[in-house]
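Asker: Have a look at this prediction, sequence included:
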Amino acid sequence: MKQILTIAGSDSGGGAGIQADIKSIHANGGFAISAITSVTAQNTCEVTSAFDLPIEIIEAQIDTVFADFEISAVKTGMLSNAEIVQAVAKKLGQYAPPNIVVDPVMISKSGFPLLQEPAIETIISSLIPLATILTPNVHEAQLLSNMTIQNVTEAKAAAKKIHQIGCHGVLIKGGHMEDETSVDVLFSENKFQFFESERINTKNTHGTGCTYSAAIATQLGLGKSLSSSIESAKDYITNAIRHSLEIGHGHGPTNHFYFL
């Protein structure tokens with residue numbers, strides 16, 4: 001079984017972060033391994049607080065994992081400050097896993113900041129150049145590109161600009177765009193590809209970005225091409241949203257095991 005490492009924060013509500021990643025990885029056929037960067041107090045309505053783990057603990061988790069497991073892919077999520085970003089980038093450079101999916105988590109669905117602003121530059125300079133694929137949502141892509149994104153045309157321009165940072169591919173997720181369908185825009189190998197699905201009318205979308213990027217990482221780890229990995233992951237997240245769960249009083253989670 002392919003072993004997939006997620007390096008991200010913990011969501012006590014279970015719908016996003018490490019918890020979502022682990023479910024997504026297993027649902028997509030991988031074995032989930034984790035290194036926790038931060039612990040959040042969170043539910044479907046809000047994030048009330050967050051605590052960053054010491055750098056030495058984060059590094060120890062990563063070192064211990066690579067000392068024993070054969071990692072086929074790594075997905076990064078919440079890396080809340082510049083020091084954590086630098087430490088994770090250093091370890092990924094040291095171990096050079098074959099596939100790295102960078103999900104540049106910056107803000108929670110409820111508006112709680114999950115990334116300190118100075119860390120954005122560190123992500124750009126240290127982490128993004130290591131990425132097989134970068135998976136920002138529209139808001140994150142706007143910050144990384146310093147451009148406005150409201151539709152696919154603007155997403156194409158932003159993806160091309162972000163790609164110049166040095167990553168292999170950029171996938172701007174279309175969930176927050178104004179188009180009638182949900183279109184994700186991939187720019188890789190100097191060409192565009194588009195992954196379209198129906199726009200599902202539900203408030204239960206907590207953890208969709210985490211779930212999607214973890215699914216992409218797993219599919220890459222299974223040996224699929226980048227395009228095929230995104231296609232499989234897109235189908236998975238669309239169905240997980242379609243069968244989302246009415247849990248809690250806010251934005252409920254997706255259903256990671258909708259097929260059971």
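Answerer: Nice, thanks for sending it over.

Asker: Extract the residue ranges of this structure that are flagged as low pLDDT.
Answerer: 109-111, 175-179 (pLDDT under 70).

Asker: same for the lengthiest helix in it, what does it pack against?
Answerer: The helix that spans the most residues within the chain, counting by DSSP state H, is helix 226-242. For helix 226-242, the elements it packs on are strand 182-188, strand 191-197, helix 208-221, judged by 3 or more Cβ pairs under 8 Å, 6 or more residues apart in numbering; DSSP states H and E. Every residue, glycine included, has its C-beta placed from N, CA and C.

Asker: Give the next helix or strand downstream of the helix or strand hosting residue 143.
Answerer: Element membership of residue 143, judged by DSSP states H and E, is helix 138-145. Counting by DSSP H and E, the element after helix 138-145 in chain order, helix or strand, is helix 152-163.

Asker: And that following helix, what's buried?
Answerer: 152, 154, 155, 156, 158, 159, 161, 162, 163 (16 or more other Cβ atoms under 10 Å).

Asker: Also stretch 195-207?
Answerer: Using 16+ other Cβ under 10 Å as the test for burial, stretch 195-207 gives 195, 197, 199, 204, 205, 206, 207.

Asker: and that stretch, how far apart are its ends?
Answerer: Its first and final residues considered, stretch 195-207 spans 19 Å by Cα to Cα, to the nearest Å.

Asker: likewise stretch 18-35?
Answerer: Taking Cα to Cα, the first and last residues of stretch 18-35 lie 8 Å apart.

Asker: Could you do stretch 22-32 as well?
Answerer: Span of stretch 22-32 from end to end, Cα to Cα: 5 Å.

Asker: Buried residues, stretch 167-185. List them.
Answerer: 167-175, 177, 182-185.

Asker: related to what we said a few turns ago, quick one, the helix holding residue 143 and helix 152-163 angle?
Answerer: Inter-element angle recorded for helix 138-145 and helix 152-163: 50 degrees (by axes from the mean of the first three to the mean of the last three Cα atoms, to 10 degrees).

Asker: What lies in contact with helix 138-145?
Answerer: 104-107, 120, 124, 136, 147-149, 155, 157-159, 161-162, 165, 172-177 (Cβ atoms under 8 Å, 6 or more residues apart in numbering).

Asker: Stretch 81-92 too?
Answerer: Residues outside stretch 81-92 that contact it (Cβ under 8 Å, 6+ apart): 7, 37-38, 52, 55, 58-59, 62-63, 66, 74, 76, 79, 100, 115-116, 118-119, 121-123, 126-127, 130.

Asker: how about that stretch: buried residues?
Answerer: Neighbour-count burial for stretch 81-92 [16+ other Cβ under 10 Å]: 81, 82, 83, 84, 85, 86, 87, 88, 89, 91, 92.

Asker: Now, the residues you listed that are in helices?
Answerer: Reading helices off the buried residues of stretch 81-92 with DSSP H, I get 82, 83, 84, 85, 86, 87, 88, 89, 91, 92.

Asker: Kindly provide the distance from the third one to residue 75.
Answerer: I take that to be residue 84. 15 Å (Cβ to Cβ, to the nearest Å).

Asker: now the second one
Answerer: Between residue 83 and residue 75 the distance is 20 Å, computed by Cβ to Cβ.

Asker: So which of the helices and strands packed on helix 226-242 is the most surrounded?
Answerer: helix 208-221 (a mean of 29; mean count of other Cβ atoms under 10 Å).

Asker: contacting residues for residue 107?
Answerer: With Cβ under 8 Å, 6+ apart, residue 107 has these contacts: 113, 114, 115, 139.

Asker: Tabulate the residues you listed (a markdown table), appending neighbour count.
Answerer: Putting the contacts of residue 107 into a markdown table (neighbours: other Cβ atoms under 10 Å) gives the following:
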| residue | neighbour count |
| --- | --- |
| 113 | 12 |
| 114 | 20 |
| 115 | 22 |
| 139 | 12 |
